[in-house]
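Student: Next come a sequence and a model predicted from it.
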Amino acid sequence: MDAVADKVLTARGLRVAFGLPGGRTARAVDGVDLDVAPGEIVALAGESGCGKTTLARTLLGLEKATSGEVAFGGVPLGRSSKALKAYRRQVQLVLQDPSGALNPRHTVYDAVAEGLRIHGIGDDEPGRVADALARAGLRPPERFFLAYPHELSGGQRQRVVIAGALVLEPSILVADEPVASLDASVRGEILSLLLRLKEDAGLGALVITHDLGLAWSIADRIAIMYLGRIVEQGPVEQVLTDPRHPYTRALVSVLPGSLERAQSPVAEPIVLAGELPDASRIPGGCRFRPRCQEVASGNALAVLGQCEGEDPALDAEAHAAACHLVHARMAA
Amino acid sequence: MTLLEFRDVHVTYTGSRGRIPAVRGVDLKVEAGTTVGIAGESGCGKSTLAMAVLRLLPKSAEVRGEILLDGEDLLRMGWGRLRAVRWTGASIVFQGAMHSLNAVQRIGRQVAEPMLVHDKDLSPAAAAKRAEGLLERVGLPPSRTRSYPHELSGGQRQRVMIAMALACDPDLIIADEATTALDVMVQAQVLQLISGLVSERGVGMVMISHDLSVLSAVCDTAAVMYAGRIVEQGPAHEVFAQARHPYSAALGAAFPVIGDPAARLRPGGLAGDPPDPARLPEGCSFRPRCAVSVERCGEESPELLRIEGARSSACFVAQEGEPVVIG
């Protein structure tokens, strides 16, 4: 096995269901396959409530999968605390809100060294902390050792959070909305950092976001999630400039930044009616059908029976979509 | 017709750190039936400016200049008149609808409340009926009038806020980051709703956002604020697509156009942080972060000047007709 395959984070047939009062079940993650390798950035995009955060938590072993499997380098994730601890040295979480993720009474040094202490790595603690801070772009690192979070700007706080993840020298970062709470100009700074960590250090990252522009700025691949499932995935250029699934087409069409119509792959904005259904009431058949613009406009009449009868699976293309209409057009 | 006009507006907060100028001389006009966008980072003074319109600022804020609503100066209005103007003349949609709604009151009643306060002859039943109609207009089914805020999604709550802002038929609506927390699809729904209101009812709209791409999609004109001043102003899509101030260029680049090869794997942005308003740099306040600054920028602060057509810029480099973006 080569060095990269050794460090690929994989999910196969992953499902996470939560019991709700009244005996209902919310299927937050409902059959997801996903790979993240070192040296690539994968964006997982979708609306609030689509299950992307639950998926991330499950990938980190913070949530128990109902079925399916998470594996790292081909080794399934164990449930023992020892196995989880070893796993988390390799796969680290970066939280979204840096103000909430940092203890206001801990210095930057303590915040970054915490991971080392948890993992019992005692040798050269100051050196490791300094190195992590420098890699996160806080230079010279010693200047930040004794600073408290409130003395830092929003961008610097987010860098401290990233340094806390880097200090354990992981192979993969899982970042949940890493720039959602940051100002426009700081955003670019943090995204550049993630991109540089990938290019220089071969780090892999799964970036969870509701922002497709972020994917365009840094990701190699993108997976679009709708109501617990990935409905389209592939290389960013292809998915975002030539979307196949009706849901992705609608999302791309309403991006304010792509209103330069000439450049947009979808000519007219498609504003879907309604909102994401509740994960405890996933429609039968294709889960997107009740909001699908192709069904509503009658374009999907030929495959409507299938749309109503079975939930489509992703096809085997490198740029894959889970849509009966797309599959029928491909076959024709 | 000019609906709202800011004339040399200054807002200064006085606190433990002394006097902090948050808004430093803003001139801006909003015509009826048009949407004006104000963009900028946190702390640039954009929300302070919005709050100053309805005099919602804390006591520690000192406001100078004139803010004219239909020719009447809001800053010199008596409290009774101001109460009447709030909701009926102008209303605000705040960000974070969860915190702005009353958690223990049904939303139908919350939308009806300003109507009852402002129209003594209106019966509660008639107000409830009108509230239902407004909620329907913003895309919420009549059954939702009996819901509590926590039973609604974020997008639905934001629409309740818009329905409330419309309750007394105001001429001016100020939306402060009204779509920031929303998902793209819900944001598109809300923006469509807002644009519809402006064109159908001829209201004037001020839209505040840190996202220049959103403003370029919805607004007629856009003003970009930095450190309490307007640094660029012009037709919204032009400001976004071809900035004439290095700060607007950086702000616009933070939200890439998908499909633009120049932005692919090259996150745009701007190093550094906005200046501390209590300690502004000498000369142009953007100079410490500027890539195109010249010697003059350290000596004097550039005025916002018309550079061509409807475009204005407060940048010496742009005023000389030079490009403001390197590369």
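Tutor: Perfect, I can see it now.
Student: now the strands: where do they sit in the stretch 1-150 of chain A?
Tutor: A:9-19, A:25-36, A:41-45, A:67-72, A:75-76, A:91-94 (DSSP state E, counting those that start in this stretch).
Student: So what's the residue count around the residue of the stretch 1-150 of chain B found nearest chain A?
Tutor: Closest to chain A within the stretch 1-150 of chain B is B:Glu41: 4.4 Å, counting by CB to the nearest CB. Quick note: C-beta positions are derived from backbone N, CA and C, even for glycine. Residues near B:Glu41, counting by other CB atoms under 10 Å in any protein chain shown, number 23.
Student: What's the separation between it and B:Glu303?
Tutor: B:Glu41 is 22 Å from B:Glu303, where distance means CB to CB, to the nearest Å.
Student: One more: B:Ser147?
Tutor: From B:Ser147 to B:Glu303 the distance is 51 Å (CB to CB).
Student: more neighbours, these two?
Tutor: Taking neighbours as other CB under 10 Å, B:Ser147 and B:Glu303 compare with B:Ser147 leading, 18 against 12.
Student: who's in contact with that one?
Tutor: B:Ser147 is in contact with B:Arg106, B:Ile107, counting by CB atoms under 8 Å, 6 or more residues apart in numbering or on different chains.
Student: what's across from A:Ala26 in the sheet?
Tutor: Bridge pairing for A:Ala26 (DSSP bridges) gives the partners A:Phe18.
Student: now it: how far from A:Leu138?
Tutor: As judged by CB to CB, A:Ala26 and A:Leu138 stand 40 Å apart.
Student: So if I had to pick from those two, which one is more boxed in?
Tutor: Neighbours were counted for A:Ala26 and for A:Leu138 using other CB under 10 Å; A:Leu138 has more, 23 against 19.
Student: ok, that one touching A:Gly164?
Tutor: No. A:Leu138 is beyond contact range of A:Gly164, at 11.4 Å (criterion: CB atoms under 8 Å).
Student: Start and end of stretch A:12-31, how far apart?
Tutor: For stretch A:12-31, the first-to-last residue distance is 8 Å (CA to CA, to the nearest Å).
Student: How about stretch A:98-109?
Tutor: Across stretch A:98-109, the straight-line distance between its terminal residues is 15 Å, by CA to CA.
Student: Ok, stretch B:256-271 next?
Tutor: Note: stretch B:256-271 ends 17 Å apart using CA to CA.
Student: try stretch A:200-216
Tutor: Start-to-end span of stretch A:200-216 (CA to CA) is 20 Å.
Student: Buried residues, that stretch. List them.
Tutor: Buried residues in stretch A:200-216, counted by 16 or more other CB atoms under 10 Å in any protein chain shown: A:203-216.
Student: Out of those, list just those in helices.
Tutor: A:Leu212, A:Gly213, A:Leu214, A:Ala215, A:Trp216 (DSSP state H).
Student: Which single one of those residues is nearest to B:Met185?
Tutor: A:Leu212 (11.3 Å; CB to CB).
Student: wait, that closest one sits on B:Asp183?
Tutor: No. Applying CB under 8 Å, one finds A:Leu212 not in contact with B:Asp183, separated by 10.9 Å.
Student: rewinding a little: ok, and of the buried residues of stretch A:200-216, which contact chain B?
Tutor: Checking the buried residues of stretch A:200-216 against chain B by CB under 8 Å from any CB of the partner chain, the ones in range are A:His210, A:Asp211, A:Leu212, A:Gly213, A:Trp216.
Student: Near chain B, which residues of the stretch 51-200 of chain A are found?
Tutor: Residues of the stretch 51-200 of chain A lying near chain B (CB under 8 Å from any CB): A:153-155, A:183-189, A:191-192, A:195.
Student: Can you tell me which residue of the stretch 51-200 of chain B sits closest to chain A?
Tutor: Closest point on the stretch 51-200 of chain B to chain A, by CB to the nearest CB, is B:Ala188, at 3.6 Å.
Student: okay, now B:Ala249: neighbour count?
Tutor: By other CB under 10 Å, 25 other residues sit near B:Ala249.
Student: Then A:Ala273?
Tutor: A:Ala273: 11 surrounding residues under other CB under 10 Å.
Student: now it: how far from B:Gln192?
Tutor: 11 Å.
Student: and what of B:Ile208?
Tutor: From B:Ile208 to B:Gln192 the distance is 19 Å (CB to CB).
Student: quick one, which of those two is more surrounded?
Tutor: Between B:Ile208 and B:Gln192, B:Ile208 has the larger neighbour count (other CB under 10 Å), namely 25 against 15.
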